[in-house]
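Participant: sharing a sequence plus its predicted fold:
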Protein chains: 2
Amino acid sequence: MSGTKAPGWLAIEAEVLRRIHSRDWPPGSAIPNEADLAADFGVARATVNRALQSLAESGILDRRRKAGTRVALHPVRKATLNIPILRHEIEAQGMVHGYTLVSQQESAAPPQVTSALRLPDGTSLMHLRALHLADNRPYAYEDRWLNTAAVPGIAEVDLSLINANEWLVANAPFTAGDFALSATSADATEAAALGTPVGTALLTLERTTWNGGEPITWVMLCFAPGHRMRTEL
Amino acid sequence: MSGTKAPGWLAIEAEVLRRIHSRDWPPGSAIPNEADLAADFGVARATVNRALQSLAESGILDRRRKAGTRVALHPVRKATLNIPILRHEIEAQGMVHGYTLVSQQESAAPPQVTSALRLPDGTSLMHLRALHLADNRPYAYEDRWLNTAAVPGIAEVDLSLINANEWLVANAPFTAGDFALSATSADATEAAALGTPVGTALLTLERTTWNGGEPITWVMLCFAPGHRMRTEL
DNA sequence: CAGTGGTCTAGACCACGAT
DNA sequence: TCGTGGTCTAGACCACTGA
């Protein structure tokens, strides 16, 4: 009963996908277990396992011990966005990256930040504001609160020369993080930094990171108008 | 020289991560080959392979035949956004989903749409506009162009009763797609549909899908003000 | 050419969880 | 309880690619 004869677990994956799309295995239905499929395809069970695990990771299949493998009723599409270092993102477009530290001072973080970092209200953190430029034009405005106590070595770094994020990814790994995208209207500060009218729609990225329960940083990035984050599905 | 004794490829992954974070294996450096690591850890090579493949998928490691495995210089963070069916997203928040088809008509698609779908300029497509409601309040405005010729069966569907996307995911699988997020200012139509002032910042999602080279649909979703797309890292 | 990761096999044991 | 997927093993061959 084998379908394709091509080698490789990718062929198995493709054949399973074909049977799903062709309605041999409609959404919600159970498919044969790994051992049976391995016999059908004439391969080892481990090979089938790899194919099915890949499809499960994509959300196409639901797998549970004892219950078996089923075609997902509502395949939840997953879009994987690459979040590169801004300098690389800009240079990849053939532009020159520029970086300007607008302000740096220790002060009490606002409730929005402390709650995101799960720190007590009023905790004092290092507040950084910076502007990223692409070919000398504003690219993104960065508002960051940094828990210097949790990042040894950051105190000696001149953050007007190196972008905080770039230093952090190279020197302070994180183990967990939150990430959110939204659209916001430019306030006076952001508008001035990005050279746009107040109220312009800005794509805004917020990220909070921890290292083993220790809060590292909260950062908000407002991209210049028209910015798009793309990916393939 | 084994580090941890805990079983499982996850333990291997954790130990490798530990060595990277602890600077035993600094960014850019090569790490031992799979066979050596397997001997060090006292496991089979396949187990090491699984751990290293997982880290490579995360962007932590760069692997190439013959060249070996290296710690990535610039770990590109990947944020995986779940793009569920809107009805599920709304119901998951304990709200009631509503759906209203605003308009449906066949007409020539604008250049923006035809070029995204890689169709000839002026191709006639089915144009759908709809509104998604959560507890009777506007949740997202949908503007869709549908290539009915590529989706057999869609002609008989009453799209005022079932959301086009929901029908498509269940009946018309796609093999490739483009996906983009941006921030836009609400135009008159969007503002009226969402009940917000013109110019409000809206998080906007665009998606184009194909099935084996055959264009299926182009859709733009404008979420109500304040909408956030979140994920963990 | 030769070293490395990519994959496959046949078999085994185990953990989970539906019944 | 016991079927199912999850994982591991020891060994093997192959594909790619740096030297």
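Facilitator: Arrived safely, thanks for sending. Just so it is clear, the model here is predicted, and its values are computed rather than measured.

Participant: domain parsing for chain A?
Facilitator: A:9-71, A:86-223 (automatic domain parsing).

Participant: any chance you could map the helices in chain A?
Facilitator: Taking DSSP state H as the test, the helices found in chain A are A:9-21, A:34-41, A:45-57, A:86-92, A:111-117, A:164-171, A:188-194.

Participant: tabulate those (CSV), appending mean neighbour count, distance to B:Val16 and mean pLDDT.
Facilitator: (Glycine included, C-beta is placed from N, CA and C.) Below are the helices of chain A laid out as CSV (neighbours: other Cβ atoms under 10 Å in any protein chain shown; distance: least, Cβ to Cβ, whole Å; pLDDT from 0 to 100):
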stretch, mean neighbour count, distance to B:Val16, mean pLDDT
helix A:9-21, 18, 24, 95
helix A:34-41, 16, 28, 96
helix A:45-57, 17, 20, 97
helix A:86-92, 17, 24, 94
helix A:111-117, 17, 28, 96
helix A:164-171, 18, 18, 90
helix A:188-194, 17, 41, 97
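
Participant: those: which one's closest to B:Arg144?
Facilitator: B:Arg144 lies closest to helix A:9-21 among those, at 21.9 Å (Cβ to Cβ).

Participant: and that closest one with chain B, contact?
Facilitator: Yes: judged by Cβ under 8 Å from any Cβ of the partner chain, helix A:9-21 and chain B are in contact via A:20-21.

Participant: what sits up against that helix?
Facilitator: Outside helix A:9-21, the residues within contact range by Cβ atoms under 8 Å, 6 or more residues apart in numbering or on different chains are A:3-4, A:25-27, A:31, A:37, A:41, A:43, A:47-48, A:50-52, A:54-55, A:60, A:71, B:173.

Participant: close to DNA strand C, is that helix?
Facilitator: Yes: using Cβ under 7 Å from any atom of the strand, helix A:9-21 comes into contact with DNA strand C via A:9-11.

Participant: just give me the closest of those to chain B.
Facilitator: If you rank these by distance to chain B using Cβ to the nearest Cβ, A:Trp9 comes first, at 12.7 Å.

Participant: now, which of the contacts of helix A:9-21 lie close to DNA strand D?
Facilitator: Checking these against DNA strand D (Cβ under 7 Å from any atom of the strand), the matches are A:Leu52.

Participant: B:Ala180: which of the residues of helix A:9-21 next to DNA strand C is nearest?
Facilitator: Top of the list for closeness to B:Ala180, among the residues of helix A:9-21 next to DNA strand C and by Cβ to Cβ, is A:Leu10 at 27.8 Å.

Participant: how close does A:Leu73 get to chain B?
Facilitator: 8 Å (Cβ to the nearest Cβ, to the nearest Å).

Participant: contact partners for that residue?
Facilitator: A:27-28.

Participant: go on, the one 5 residues further on?
Facilitator: The neighbours of A:Lys78, taking Cβ under 8 Å, 6+ apart as the test, are A:58-59, B:80-83.

Participant: burial count for A:Glu101?
Facilitator: Let me fix one detail, which is that residue A:101 is Leu and not Glu. The number of residues packed near A:Leu101 is 17, by other Cβ atoms under 10 Å in any protein chain shown.

Participant: grab the nearest non-local neighbour of it.
Facilitator: Residue nearest to A:Leu101 in three dimensions, not counting chain neighbours: A:Ser160, with 4.1 Å by Cβ to Cβ, 6 or more residues apart in numbering or on different chains.

Participant: rewinding a little: as CSV, the domains of chain A with distance to B:Thr231 would be great.
Facilitator: CSV is the format used below for the domains of chain A (distance: least, Cβ to Cβ, whole Å):
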stretch, distance to B:Thr231
domain A:9-71, 14
domain A:86-223, 5
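
Participant: B:Pro152: which of these is closest?
Facilitator: domain A:9-71 (12.7 Å).

Participant: hang on, the earlier thing: so can I have JSON lines of the residues of helix A:9-21 next to DNA strand C showing distance to B:Leu203?
Facilitator: As requested, the residues of helix A:9-21 next to DNA strand C are exported to JSON lines (distance: Cβ to Cβ, whole Å):
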{"residue": "A:Trp9", "distance to B:Leu203": "38"}
{"residue": "A:Leu10", "distance to B:Leu203": "36"}
{"residue": "A:Ala11", "distance to B:Leu203": "40"}
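
Participant: where does chain A have low pLDDT?
Facilitator: Scanning chain A for pLDDT under 70 picks out A:1-7.

Participant: quick check: bridge partners of A:Ser185?
Facilitator: A:Ala201 (DSSP bridges).

Participant: which residues touch it?
Facilitator: Applying Cβ under 8 Å, 6+ apart, the residues near A:Ser185 are A:198-202, B:200-201.

Participant: of all these, which two lie farthest apart?
Facilitator: A:Val198 and B:Thr200 (13.5 Å).

Participant: higher neighbour count, those two?
Facilitator: B:Thr200 (21 against 12).

Participant: which residue, neighbours along the chain excluded, lies closest to that one?
Facilitator: Once flanking residues are discounted, B:Thr200 sits nearest to B:Ala186: 4.5 Å by Cβ to Cβ, 6+ apart.

Participant: any idea how far that neighbour lies from B:Phe223?
Facilitator: B:Ala186 sits 11 Å away from B:Phe223, going by Cβ to Cβ, to the nearest Å.

Participant: quick one: name the residues of chain A near DNA strand C.
Facilitator: Checking chain A against DNA strand C by Cβ under 7 Å from any atom of the strand, the hits are A:7-11, A:42-47, A:50, A:64-67.

Participant: hmm, A:Gln104 and the residue nearest to A:Leu101 touching each other?
Facilitator: Yes: contact status for A:Ser160 versus A:Gln104: in contact at 7.5 Å, counting by Cβ atoms under 8 Å.

Participant: can you count the residues close to A:Arg228?
Facilitator: Residues within reach of A:Arg228, counting by other Cβ under 10 Å, total 12.

Participant: which strand residues bridge it?
Facilitator: B:Ser182.

Participant: now do the same contact list for it.
Facilitator: Here A:Arg228 is in contact with A:203, B:180-182 (Cβ under 8 Å, 6+ apart).

Participant: and those residues, which is closest to DNA strand C?
Facilitator: Distance to DNA strand C across the contacts of A:Arg228 (Cβ to the nearest atom of the strand) is lowest for B:Ala180, with 29.4 Å.

Participant: do I have it right that that closest one meets A:Met229?
Facilitator: Yes: if you go by Cβ under 8 Å, B:Ala180 and A:Met229 touch, sitting 6.7 Å apart.

Participant: which residues of chain A lie near DNA strand D?
Facilitator: So chain A meets DNA strand D at A:33-35, A:45-46, A:49, A:52-53, A:56, A:63-69 (Cβ under 7 Å from any atom of the strand).

Participant: again, 6 Å this time
Facilitator: Counting by Cβ under 6 Å from any atom of the strand, the residues of chain A lying close to DNA strand D are A:33-34, A:46, A:49, A:53, A:63, A:65-66, A:68-69.

Participant: so which of those residues reach chain B?
Facilitator: Of these, not one also sits near chain B (Cβ under 8 Å from any Cβ).

Participant: thinking again about what came up before, need the helices of chain A in CSV (columns: distance to B:Leu128).
Facilitator: Output for these, formatted as CSV (distance: least, Cβ to Cβ, whole Å):
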stretch, distance to B:Leu128
helix A:9-21, 24
helix A:34-41, 39
helix A:45-57, 30
helix A:86-92, 34
helix A:111-117, 38
helix A:164-171, 41
helix A:188-194, 35
